[in-house]
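S.K.: coords please:
(one chain, ligands or ions: 1)
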Amino acid sequence: MPLARLDISHLRNLTAVRFDPSPHVNIIVGENGSGKTSILEAIHLLSFGRSFRSHKHKTYIQYEQPECVVFAQLEQDQQPRIPVGIKRSRDGAIEVRIQGRAAQSVVELAERLPVQLINPDAFRLLEGSPKIRRQFVDWGVFHFDDRFINAWRDWQKALKQRNSLLRRGKISANLLAAFDQELIRLGEYVNTARKAYVAALTPHFESVLQQLAAGLSVQLNFFQGWDAQKTLSEAIEHSYQRDIDVGYTNTGPQRADLRVKTPSGDALDTLSRGQQKLVVSALKIAQGQLLIERGRQLVFLVDDLPAELDANHRRRLCQLLESLNSQIFITSVGPDSMDFTWSDQTDVRHFSMNQGELSQASKGLQES
Ligand SMILES: Nc1ncnc2c1ncn2[C@@H]1O[C@H](COP(=O)(O)OP(=O)(O)OP(=O)(O)O)[C@@H](O)[C@H]1O
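M.R.: Below you'll find the model as predicted:
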């Protein structure tokens, strides 16, 4: 669902920003430190309940303010708009409201407002720990399989309990076996859902990558977290003594990874920075395509589009994003690097950001 109206207050240097974005393309231009990324951060906060820049909420709440608030209206086809909002307080409290009622958790917002972020930190998807890639896969599965979130939570709970017993070293074989039954059942579910998702994602990824970087050969290999020849039950049984020795569960979906390879090895070691950005963009756009294919809409946040990309690849990325018919927010330091010609049918709104103040640029300005 596109965002129809955004109100942001006391988030970094955005004291009170209100604007009506286009349901399609929004371009925000401004100098370094003017607050462009903070707009994207506010939208991310609304979807995930957290920032993409920092896990510490105090860093993005405006100095000397007790809280920051992001409020928006979600556009729906021929239906009244849905008001949604999030408030983060300095004391750590988080309040989510949907249609005037308090939501149970931020998951309710995430379901309604899927957001994909492409930013200069996107490399972390390739160079960071497997946890980041698991989160990437799980975000997709969450929107792909309605039962995944509950199974994933219960599996995490079972895993934590097992690890806590192992850590304390007070565990009998019988007790462990009782835990393992549930852990295996849930773990198998999580793994099957992830595998089905990666299988559906792969052809989308390959096709998007060819459009973005023709000729680049990159393969996705999903590692489930244990020997593919064994069932989870066999793998856990096999590592039972090792688990007791080290005090935690060594094998299972908590070790899964999405490995990104080129014919010469890890994508991270062989691709240029620009190519890595294209691969990560292809992964994220492919996730978006899968959602759109299932009748969902999502919002793309592209922070600092020109970073690492030449004019030709910037154009291809914009072309692809435009073809998705999704709502897009793109930031850039200068209008020169946004030289892509959007189709006449595309509702493109240009905004300029100046010291935390956002204004919609006039048409004449946009063309200059
Ligand atoms: N908690 C805070 N309270 C008030 N201002 C803050 C806070 N945290 C950061 N700032 C300021 O808010 C601004 C945030 O800017 P932001 O990172 O959104 O800029 P940008 O336009 O994306 O810049 P760049 O082009 O350099 O990436 C900066 O000027 C920063 O110094």
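
S.K.: In the top helix by length along the chain, which residues are buried?
M.R.: For the chain, the longest helix by residue count, based on DSSP state H, is helix 173-212. By 16 or more other CB atoms under 10 Å, the buried positions in helix 173-212 come out as 176, 179-180, 183-184, 186-191, 193-194, 197-198, 200-201, 204-205, 208-209, 212. C-beta coordinates here come from the backbone N, C-alpha and C atoms, glycine included.

S.K.: which helices and strands sit right next to it?
M.R.: In terms of contacts (3 or more CB pairs under 8 Å, 6 or more residues apart in numbering; DSSP states H and E), helix 173-212 is packed against helix 130-144, helix 148-168, strand 219-223, helix 232-238, helix 273-293, helix 311-323.

S.K.: could you redo these as TSV and give each row mean neighbour count, distance to the ligand and mean pLDDT?
M.R.: As requested, the helices and strands packed on helix 173-212 are exported to TSV (neighbours: other CB atoms under 10 Å; distance: least, CB to the nearest ligand atom, whole Å; pLDDT from 0 to 100):
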stretch	mean neighbour count	distance to the ligand	mean pLDDT
helix 130-144	18	21	95
helix 148-168	16	31	94
strand 219-223	15	30	97
helix 232-238	18	44	93
helix 273-293	21	16	95
helix 311-323	17	16	93
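
S.K.: which ones are touching the closest residue to F205 other than its chain neighbours?
M.R.: Distance criterion CB to CB, 6 or more residues apart in numbering; nearest residue to F205, sequence neighbours excluded, is A286 at 4.1 Å. For A286, the contacting residues are 201, 204-205, 207-208, by CB atoms under 8 Å, 6 or more residues apart in numbering.

S.K.: Tell me the one among those residues nearest to the ligand.
M.R.: V208 (25.9 Å; CB to the nearest ligand atom).

S.K.: Work out the gap between stretch 37-45 and the centre of the chain.
M.R.: With CA atoms, centre = their mean, to the nearest Å as the basis, stretch 37-45 stands 12 Å off its chain's centre.

S.K.: again with stretch 55-69
M.R.: Worked out by CA atoms, centre = their mean, stretch 55-69 lies 22 Å from the chain centre.

S.K.: With stretch 112-128 instead?
M.R.: With CA atoms, centre = their mean, you get 5 Å for stretch 112-128.

S.K.: One more: stretch 37-51?
M.R.: 11 Å.

S.K.: which other residues reach it?
M.R.: Stretch 37-51 is contacted by residues 3, 6, 8, 11-14, 17, 28, 52-53, 57, 59-60, 68, 70, 72, 84-86, 88, 94, 96, 106, 109-110, 113-115, 117, 119, 299, 301, 303-304, 329, 331, 353, 356, 358 when judged by CB under 8 Å, 6+ apart.

S.K.: Could you list which of those also contact the ligand?
M.R.: 12-13, 59-60, 353 (CB under 6 Å from any ligand atom).

S.K.: Go through those and flag which are in strands.
M.R.: Judged by DSSP state E, strands contain the following of those: M353.

S.K.: among the ones next to the ligand among the contacts of stretch 37-51, which two are most distant?
M.R.: Within those, two members stand farthest from each other by CB to CB: T59 and M353, at 19.6 Å.

S.K.: what kind of secondary structure is E95 in?
M.R.: Using DSSP: H, G, I helix; E, B strand; the rest coil, the three-state assignment for E95 comes out as strand.

S.K.: Centre-most residue in the chain?
M.R.: Q116 (4.8 Å; CA atoms, centre = their mean).

S.K.: after the strand or helix carrying that residue comes which helix or strand?
M.R.: Q116 is part of strand 115-118, with elements assigned from DSSP states H and E. Once strand 115-118 ends, the next helix or strand along the chain (criterion: DSSP H and E) is helix 124-127.

S.K.: Please export the C-alpha coordinates of that next one as CSV.
M.R.: This file holds the C-alpha atoms of helix 124-127, laid out as CSV (Å, rounded to 0.1, in the frame of the first residue of the first chain):
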residue,chain,number,x,y,z
ARG,A,124,26.5,-5.8,4.2
LEU,A,125,24.2,-8.4,2.8
LEU,A,126,27.2,-9.9,1.0
GLU,A,127,30.0,-9.2,3.5
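
S.K.: For A213, which non-adjacent residue is closest in space?
M.R.: A213's closest residue in space is L278 (CB to CB, 6+ apart), at 4.6 Å.

S.K.: can you count the residues close to the closest residue to the ligand within the stretch 101-250 of the chain?
M.R.: For the stretch 101-250 of the chain, the residue positioned closest to the ligand under CB to the nearest ligand atom is P120, at a distance of 8.4 Å. Using other CB atoms under 10 Å, P120 has 15 neighbouring residues.

S.K.: wait, it sits on E308?
M.R.: Yes: with contact defined as CB atoms under 8 Å, P120 reaches E308; the gap is 7.1 Å.

S.K.: Which pLDDT value goes with the residue of the stretch 101-250 of the chain closest to the ligand?
M.R.: P120 carries a pLDDT value of 88.

S.K.: ditto for K363
M.R.: The predicted structure scores K363 at 52 on the pLDDT scale.

S.K.: same deal with the one 4 residues further on?
M.R.: With respect to pLDDT, E367 has a value of 44.

S.K.: filter the ones next to the ligand among the contacts of stretch 37-51 to the buried ones?
M.R.: When these are checked for burial by 16+ other CB under 10 Å, the buried set is 12-13, 60, 353.

S.K.: And the residue of the stretch 251-368 of the chain that's closest to the ligand?
M.R.: For the stretch 251-368 of the chain, CB to the nearest ligand atom, closest residue to the ligand: V333, 5.1 Å.

S.K.: give the contact list for that residue.
M.R.: Contacts of V333 (CB under 8 Å, 6+ apart): 29-32, 304, 306.

S.K.: any idea how far L209 is from it?
M.R.: 27 Å (CB to CB, to the nearest Å).
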